[in-house]
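Student: below are the sequence and a predicted model; questions follow.
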Amino acid sequence: QGNMAFSGKYEFESDENYDDFVQKIGLPSDKAEMGRNCKIVTEVVQNGNDFTWTQHFPGGRTTTNTFTVGKEADMETMGGRKFKATVKMEGGKLIADFPNYHHTAEISGGKLVEISTSSGVAYKRTSKKIA
């Protein structure tokens, strides 16, 4: 059975340090503008250590990362860059190193809390469960 805590659909609720973070990772300003206060819906399907993590952006664009905890997987960044990463699970948090930032995700108080850190700037995104 495993820990099924992540499964569900979550809608963007709030974020912190967005502008500082996107500058640090070099996101072009048009992409940064699109992402600001963007009502991203994150859909997570968890089956034991296997995850399908889909982000639905307004306008119909989606990004899907499929991975197994502890195994290298092909992933894609917010900006569409492809890379390989091994996602780890520590203390109920999913942890991954993206090419230019460190990412954690956890369920806290029924919400999906994601923190991306780059060069000392922590961008925190909180999403509320909608399904």
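Tutor: Happy to help now that I have it. Numbers count the residues shown, from 1 in each chain.
Student: for the lowest-mean-pLDDT helix or strand in the chain, which residues meet the burial criterion?
Tutor: Across the helices and strands of the chain, mean pLDDT, DSSP states H and E gives its lowest value to helix 29-35, namely a mean of 83. The neighbour-count check on helix 29-35 (16 or more other CB atoms under 10 Å) flags Ala32, Gly35 as buried. The way it works is simple: take the backbone N, C-alpha and C, and place the C-beta from them, glycine included.
Student: okay, now the unreliable bits of the protein?
Tutor: 1-4, 78-79 (pLDDT under 70).
Student: now do the helices in it.
Tutor: For the chain, the helices defined by DSSP state H occupy 18-24, 29-35.
Student: out of those, which gets nearest to Leu94?
Tutor: helix 18-24 (18.6 Å; CB to CB).
Student: name the residues that touch the closest one?
Tutor: Residues outside helix 18-24 that contact it (CB atoms under 8 Å, 6 or more residues apart in numbering): Lys31, Ala32, Gly35, Arg36, Asn100, Tyr101, Ser116, Ser118, Ser119, Val121, Ala122, Tyr123.
Student: find the nearest non-adjacent residue to the fourth one, please.
Tutor: Meaning Arg36. Nearest in space to Arg36, with sequence neighbours left out and distances taken as CB to CB, 6 or more residues apart in numbering, is Tyr18 at 6.2 Å.
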